[in-house]
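J.: how would this look folded up:
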Amino acid sequence: MMEPIPARLRRLVFERATGLCEYCLIHQSDAHLTFPVDHIISRKHRGPTTAANLALSCLRCNVAKGTDLGSLVSRPRRLVRLYHPRQDRWSDHFRLSGARIVPLTEIGEATVRLLDLNSPQRLLLRRTLAKAGRYPSLEALAYLRN
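T.: Okay, here's the model as predicted:
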């Protein structure tokens, strides 16, 4: 059985992410369920439980990502790694176009596709939050500037 992530490490991950899913930029306050902490490189692939390998993730992104490290993109199909929140800048791989998350690189494309970031339900949620002035949140705007 896997050891749980220590509370102090969970707190560090949450505070570092300012409550944002580090993949889709939804804020924890706009979710019905508490965001899980994601092992960027999963334990299955011997990813350590350290701050450098952990990201805050909404439940949808976390479940969609699972233990995957990459996805097939382009023609011909080839394996491309996923976005790594500790090593990559979000704005280097994605941009927001309204509620849509647009990939700018193959890493962005692999991540958008695998995490299904632009599914109709996810777009509806982000559009609804945008109309309420909550997407992107102030925290997300600051995250995009980094």
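J.: tell me where the model's unsure across this protein.
T.: 1 (pLDDT under 70).
J.: go with 90
T.: 1-4, 32, 74-76, 143-146 (pLDDT under 90).
J.: helices of that one, start to end?
T.: 7-16, 59-65, 90-93, 106-115, 120-131, 138-145 (DSSP state H).
J.: out of those, deepest packed?
T.: Mean neighbours per residue, mean count of other C-beta atoms under 10 Å, is largest over the helices of the chain for helix 106-115, with a mean of 22. C-beta here means a position set from N, CA and C on the backbone, and glycine is covered the same way.
J.: hmm, who's touching it?
T.: 23-24, 60-61, 64-65, 68, 70-74, 80-83, 88, 93-94, 101-103, 117-118 (C-beta atoms under 8 Å, 6 or more residues apart in numbering).
J.: 7 Å instead?
T.: With contacts defined as C-beta atoms under 7 Å, 6 or more residues apart in numbering, helix 106-115 is touched by 23, 61, 64-65, 68, 70-71, 73-74, 80-83, 88, 93-94, 101, 103, 118.
J.: could the C-alpha coordinates of that helix be exported in CSV?
T.: What follows is helix 106-115, C-alpha atoms only, in CSV (Å, rounded to 0.1, in the frame of the first residue of the first chain):
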residue,chain,number,x,y,z
GLU,A,106,3.3,19.2,-28.9
ILE,A,107,3.6,18.9,-25.1
GLY,A,108,0.5,21.2,-24.9
GLU,A,109,-1.3,19.1,-27.5
ALA,A,110,-0.5,15.8,-25.7
THR,A,111,-1.8,17.3,-22.4
VAL,A,112,-4.9,18.9,-23.9
ARG,A,113,-5.8,15.7,-25.6
LEU,A,114,-5.1,13.2,-22.8
LEU,A,115,-6.7,15.4,-20.0
